[in-house]
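Colleague: Got a sequence here, can you model it:
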Amino acid sequence: MRFLYRYTSIDGDRFEWLKWTLDGWIYFASPSTFNDPFELSPIFSAPTEQAIGKFLEKFDPYLTKSARAKVVRETARKLQTHPMHAVDTEWVASLGVLCLASDPKNLLMWGHYGASHKGVCLGFDASYAPFSTAKPIKYSSERPNIPLTESPWLNEAATDSILLTKSPHWKYEEEWRAIKRPVRDDEKHFYQQAIANGEANEDEVADLLASEGGNGRYQFEPKALRRLIMGARIDSTLRANIESLVAFKPWVKLYQAELDRKYFVINLREVTPNGN
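Modeller: Take a look at the predicted model:
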């Protein structure tokens, strides 16, 4: 059984977040809220002179051959000198991304996302949706390069390249991401027509649409949450409250993170709710 983990603080309103996660709800955030300034910032590569020439031939057939050649050279030069770097901000804001980690004992992850070891780390069975759709991040010193003719919101490979590539500076996170994109009205109409014409199965379409939707809160099978790890510095009151919650979720194993006495590592000790 493979697990994917979610580090989080649980102080204040975040404790309510923990409650509804235990009840089977998870939030997919908009990438526009992420802390990496290079998030979703591919470079769009310029089309070839041949591609530009075909475009001009189609939309401006009255240009002379020499005039077209001059326009092609000048357009190619400008595109190569000033490459595009940005993706559509509305598209970015509409996406939903669930960020997960593969290691529950990562010191930096506990420090950066686990409220300086005062929060928790949740372990999900990755065979359950939506965790089963998560893909690993590729860490590269080069930003994703997308052909200018590609529309990332229409091309799954381009979308994955943009959303699943980060700088090696973030490699310590060992991140995985599950992605939900919004379903446009024209797509919904297409699926409705396909069902009406007998070209698509209604249940299959329902499953497909359920896997999409953009940012927001989504329901999952509560038993997918199998582990709850309390940080090494967790407040005693929070710990008692967590134990009371988990006591009603017997499929969730509760652990206490502890600092090793000899090495710079974290050990996990299984505990009984309201026990030791």
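
Colleague: use CA for all of it now, contacts and neighbours both
Modeller: Fine.

Colleague: what sits against S141?
Modeller: If you count contacts by C-alpha atoms under 8 Å, 6 or more residues apart in numbering, S141 has them with K166, S167, P168.

Colleague: 10 Å instead?
Modeller: Under the criterion of C-alpha atoms under 10 Å, 6 or more residues apart in numbering, the contact partners of S141 comprise T165, K166, S167, P168, H169.

Colleague: For those, pick the one with the most neighbours.
Modeller: Counting neighbours by other C-alpha atoms under 10 Å, K166 comes out on top of those with 24 neighbours.

Colleague: any idea how far the closest residue to that residue other than its chain neighbours is from S167?
Modeller: Distance criterion C-alpha to C-alpha, 6 or more residues apart in numbering; nearest residue to K166, sequence neighbours excluded, is Y139 at 5.0 Å. To S167, Y139 is 5 Å away according to C-alpha to C-alpha, to the nearest Å.

Colleague: quick one, strands of the stretch 1-150 of the chain?
Modeller: Counting by DSSP state E, counting those that start in this stretch, the segments of the stretch 1-150 of the chain that form strands are 3-8, 25-28, 43-45, 96-101, 120-125, 135-136, 138-139, 145-147.

Colleague: Using TSV, lay out those strands together with mean pLDDT and distance to V252.
Modeller: Converted to TSV, these look like this (pLDDT from 0 to 100; distance: least, C-alpha to C-alpha, whole Å):
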stretch	mean pLDDT	distance to V252
strand 3-8	98	13
strand 25-28	95	15
strand 43-45	68	44
strand 96-101	95	18
strand 120-125	98	9
strand 135-136	96	24
strand 138-139	94	31
strand 145-147	72	42
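
Colleague: Tell me which of those strands approaches L245 most closely.
Modeller: Proximity to L245 (C-alpha to C-alpha) singles out strand 120-125 among those, at 13.5 Å.

Colleague: tell me which strands and helices the closest one is in contact with?
Modeller: Contacts of strand 120-125 with other secondary structure elements, assessed using 3 or more C-alpha pairs under 10 Å, 6 or more residues apart in numbering; DSSP states H and E, are made with strand 3-8, helix 14-22, strand 96-101, helix 107-113, strand 225-230, strand 253-259.

Colleague: Contacts only, for the residue nearest to K166.
Modeller: L164, T165, K166, S167, P168, H169, W170, K171, E174, E175.

Colleague: Tell me who's in contact with the fourth one.
Modeller: Under the criterion of C-alpha under 10 Å, 6+ apart, the contact list for S167 reads D36, F38, E39, I137, K138, Y139, S140, S141, E142, R143.

Colleague: So which of the residues you listed sits lowest on pLDDT?
Modeller: Lowest pLDDT of the contacts of S167: E39, 81.

Colleague: Could you count how many residues lie near that one?
Modeller: As a burial measure, E39 scores 19 neighbours (other C-alpha under 10 Å).

Colleague: Looks like it contacts S32 (just checking).
Modeller: Yes: with contacts defined as C-alpha atoms under 10 Å, E39 counts as touching S32 at a distance of 8.2 Å.

Colleague: Name the residues contacting each of these two.
Modeller: Common contact partners of E39 and S32 (C-alpha under 10 Å, 6+ apart): V92.

Colleague: Most tightly packed of the strands of the stretch 1-150 of the chain?
Modeller: Mean neighbour count (mean count of other C-alpha atoms under 10 Å) peaks for strand 120-125 among the strands of the stretch 1-150 of the chain, with a mean of 24.

Colleague: who does that one pair up with?
Modeller: strand 3-8 (antiparallel), strand 225-230 (antiparallel) (DSSP bridges).
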